[in-house]
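Peer 1: Give the three-dimensional model of this entry:
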Amino acid sequence: MKKSVKIRNVKVVLEVLYILCLIPILWIGHYNYPSADDFGQGSAVHHAFLQTGSIGACLQAAVAETARLYRVWIGYFTSMFFTVLQPAAFSEKAYAMTTYLVLFMLTAGVLFFGRALFTKVLGIRKDYSMIAGLLILLLMIERLVGRNEALYWYSGAINYTFTLGLALLFLGFLFTTLKKEKAGPVRWGLTALFAFFCGGINYLTALTLLLVFVFLLAVLFYFKKPAEKKPVLLVFAFFLAGFMMSCLAPGNRVRGSAMQGMGAAEAILASLKGFVTVCLAEYTGWVQILVFAMLGILFWQMIRETDFSFPLPGIAALFAIGTSAAAMTPSYYSGGNIDAGRIRATVYLHYILLMSLLLFYVLGYLQKRFFLREKGAENTPAQPAAEELHGKPLAALVLLCALFLAGGLFSTMKNPAYFTSVEAFRDIRNGKAKVYAGQMEERLQILHSEEKDVVLPRIENAPDLLFFTDIMSDETDWTNESMARFYDKNTVRLEEP
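Peer 2: Below is the predicted model of the structure:
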């Protein structure tokens, strides 16, 4: 009897697996508390809420604080608007929303982008695009580097991971607008407005969006699509306006004077080197190789459904590799390194997505060029993809899943923090997260007291996922002053060891 597995069932299994993996990652977030920049950048909204209790007043304060920071510290206005609206400005308990917000946007961005590209543009069934998106998301989240700053520390997570999801949501919106019959001026106007605000997100993702726009326009020129080229040029102009407004902010000069960065050429070279030494050497392990192999099996089936010819694979490879490297360039340029966890996480997320897309493109070229095209034909007509996996593809997928389970069990036994969900589950189960929350609640009682000069107890044995950084024993340190301003204290300091 011939064994087979329906594609729809594969999708359902992955959906359930993804939800199960998210549960501990979200659950541990309920033990999370603000730190560092959360206090400094959230103070204006916090005090507006205390004084008025009005959401409208809080939004006004957020706009005003974003404008102030634009003048004195940093230019990416969209990212900073979200950053100053940190949940603890309304209640420390609301800080648990950080991980929900970030993972919702990243999930929505990846899945909507995948559906727009694979289904709307290339004509591939949505079950396949959903499976691809879920595999990519699992690889992104479970092996994420810099997890604390990318998922739990609001000021880092909202500025980088959240806005990457937002950028992917925008690209999905742009692609669906392109393919929408009779997309009118309102639709294109909304897309252009969306593009302008995407120009104001963090520089790592904004720069990669710029490169995507250039690549998209080159594709439209190559395939001679004049009707689609003009509205995309308009959207690009709006994006460029937002990006230039962000780059030319007075605050960038102020911040730049306090940091030691690289020259432009040196930063580009460091980024290209980083693609090899960081992306390939550090971010490509057995998990990534196995998941890419699973994606390869899936992509081979998907490619049959599209009549796209996948021309010039070398150009596509240069774009994917160059854009992955470009995600590092702003950090090298401004600060001379990519050491911060949130930066490394953003680089990793870009790398996984772009290499997945490059794999799809290269396999598409190989299939259309060497396996399906009839002799002398200019292109290969689309064919229905299999509704079931059977034979060699199914056997290969089963083998890869078995290898993944064996490798996962071995790696987790050796290092319980190997996967994000397992690390979160461990710290919930052993009580570490709960003890940490109890220590933070003890601090909050002191901070909400009438005392104006307070000394806070030290945090012991904090979970790596939740604890970013602490205040100092020196009350003049910037972290101490930010916390003091947030809680309306004269001074705040950490007790001596």
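
Peer 1: Quick check: which helices or strands does the helix or strand hosting V110 pack against?
Peer 2: In this structure, V110 sits in helix 97-114 according to DSSP states H and E. On a contact count with 3 or more Cβ pairs under 8 Å, 6 or more residues apart in numbering; DSSP states H and E, helix 97-114 meets helix 7-27, helix 126-142, helix 154-157, helix 163-179. Placement of C-beta: from N, CA and C, glycine included.

Peer 1: Check which residues of that helix are buried.
Peer 2: 97-99, 101-103, 105-107, 109-114 (16 or more other Cβ atoms under 10 Å).

Peer 1: Nearest residue to the middle of this structure?
Peer 2: When Cα atoms, centre = their mean is applied to the chain, the residue found nearest the centroid is T161 (3.3 Å).

Peer 1: Strands of the stretch 251-400 of the chain, start to end?
Peer 2: Counting by DSSP state E, counting those that start in this stretch, the segments of the stretch 251-400 of the chain that form strands are 388-390.

Peer 1: Surely Q86 touches G40?
Peer 2: No. Using Cβ atoms under 8 Å, Q86 is not in contact with G40, being 10.3 Å away.

Peer 1: a markdown table please, covering the helices and strands packed on helix 97-114 and showing distance to L248, mean pLDDT and mean neighbour count.
Peer 2: Shown next, in a markdown table, are the helices and strands packed on helix 97-114 (distance: least, Cβ to Cβ, whole Å; pLDDT from 0 to 100; neighbours: other Cβ atoms under 10 Å):
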| stretch | distance to L248 | mean pLDDT | mean neighbour count |
| --- | --- | --- | --- |
| helix 7-27 | 38 | 96 | 16 |
| helix 126-142 | 32 | 97 | 22 |
| helix 154-157 | 23 | 97 | 28 |
| helix 163-179 | 19 | 96 | 22 |
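
Peer 1: With distance to P313 added, can I get the ones you listed in a markdown table?
Peer 2: A markdown table is the format used below for those (distance: least, Cβ to Cβ, whole Å):
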| stretch | distance to P313 |
| --- | --- |
| helix 7-27 | 26 |
| helix 126-142 | 19 |
| helix 154-157 | 35 |
| helix 163-179 | 21 |
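
Peer 1: quick one: which of those is nearest S482?
Peer 2: helix 154-157 (10.7 Å; Cβ to Cβ).

Peer 1: now the helix or strand of the chain with the lowest mean pLDDT: how far from the chain's centre is it?
Peer 2: Ranked by mean pLDDT, DSSP states H and E, the weakest helix or strand in the chain is strand 388-390, scoring a mean of 79. Centroid displacement of strand 388-390 relative to its chain, using Cα atoms, centre = their mean, to the nearest Å, is 32 Å.

Peer 1: which regions of the stretch 1-150 of the chain sit below the pLDDT cut-off?
Peer 2: Along the stretch 1-150 of the chain, segments meeting pLDDT under 70 span 1-2.

Peer 1: The same query, at a cut-off of 80, please.
Peer 2: Applying pLDDT under 80 to the stretch 1-150 of the chain picks out residues 1-4.

Peer 1: tell me which strands and helices the least confident helix or strand of the chain is in contact with?
Peer 2: For strand 388-390, the packing partners by 3+ Cβ pairs under 8 Å, 6+ apart come out as strand 4-6, helix 7-27.

Peer 1: got the angle between the last one and helix 126-142?
Peer 2: Relative orientation of helix 7-27 versus helix 126-142 (axes from the mean of the first three to the mean of the last three Cα atoms, to 10 degrees): 30 degrees.

Peer 1: which element follows helix 7-27 toward the C-terminus?
Peer 2: Next element after helix 7-27 (DSSP H and E): helix 37-52.

Peer 1: pretty sure L103 is in contact with L22, am I right?
Peer 2: Yes. Under the contact definition of Cβ under 8 Å, L103 touches L22, with a separation of 6.5 Å.

Peer 1: Between these two, which contacts overlap?
Peer 2: Listed as contacting both L103 and L22 by Cβ atoms under 8 Å, 6 or more residues apart in numbering are I141.

Peer 1: Could I get the full set of helices for the stretch 151-300 of the chain?
Peer 2: 154-157, 163-179, 185-198, 203-222, 226-247, 250-257, 264-274, 286-303 (DSSP state H, counting those that start in this stretch).

Peer 1: tell me the mean pLDDT for the third one?
Peer 2: Helix 185-198 shows a mean pLDDT of 95.

Peer 1: Equivalent analysis for stretch 315-335, please.
Peer 2: Rounded mean pLDDT across stretch 315-335 is 96.

Peer 1: which parts of that stretch are buried?
Peer 2: Result for stretch 315-335 [16+ other Cβ under 10 Å]: buried residues 316, 319-335.

Peer 1: ok, now stretch 407-422?
Peer 2: 408, 411, 418-422.

Peer 1: Let me know how buried Q260 is, in neighbour terms.
Peer 2: 9 (other Cβ atoms under 10 Å).

Peer 1: which stretches of the stretch 151-300 of the chain have low pLDDT?
Peer 2: Scanning the stretch 151-300 of the chain for pLDDT under 80 picks out the ranges 181-183, 223-228, 256-258.

Peer 1: again, but for the stretch 301-450 of the chain
Peer 2: Residue ranges of the stretch 301-450 of the chain with pLDDT under 80: 371-386, 388, 390.

Peer 1: let's go with 90 and repeat that
Peer 2: Applying pLDDT under 90 to the stretch 301-450 of the chain flags the ranges 307, 368-394.

Peer 1: so what's the spatially closest residue to F221 that is not a sequence neighbour up against?
Peer 2: Residue nearest to F221 in three dimensions, not counting chain neighbours: K229, with 6.9 Å by Cβ to Cβ, 6 or more residues apart in numbering. Applying Cβ under 8 Å, 6+ apart, we find K229 in contact with 217, 220-221.

Peer 1: Ok, G184 next?
Peer 2: Going by Cβ under 8 Å, 6+ apart, the list of residues near G184 is empty.

Peer 1: Give me the distance between it and F243.
Peer 2: According to Cβ to Cβ, to the nearest Å, G184 and F243 sit 26 Å apart.

Peer 1: One more: M105?
Peer 2: M105 is 20 Å from F243, by Cβ to Cβ.

Peer 1: What's the biggest helix in the protein, counting residues?
Peer 2: helix 341-366 (DSSP state H).

Peer 1: what's the spacing between that helix and its chain's center?
Peer 2: For helix 341-366, the distance to the chain centre is 12 Å (Cα atoms, centre = their mean).

Peer 1: That one to helix 203-222, inter-axis angle?
Peer 2: Computed by the same axes, to 10 degrees, the angle between helix 341-366 and helix 203-222 is 20 degrees.

Peer 1: returning to what we had before: mind putting the buried residues of stretch 407-422 in TSV, distance to L466 included?
Peer 2: Below are these laid out as TSV (distance: Cβ to Cβ, whole Å):
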residue	distance to L466
G408	24
S411	22
Y418	18
F419	17
T420	13
S421	15
V422	16
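
Peer 1: Quick one: the helices in the stretch 301-450 of the chain, in order.
Peer 2: Taking DSSP H, counting those that start in this stretch as the test, the helices found in the stretch 301-450 of the chain are 313-326, 329-335, 341-366, 391-414, 420-429, 432-447.

Peer 1: related to what we said a few turns ago, looking at the contacts of K229, which one is closest to T52?
Peer 2: Nearest member of the contacts of K229 to T52, counting by Cβ to Cβ, is L217, at 46.3 Å.
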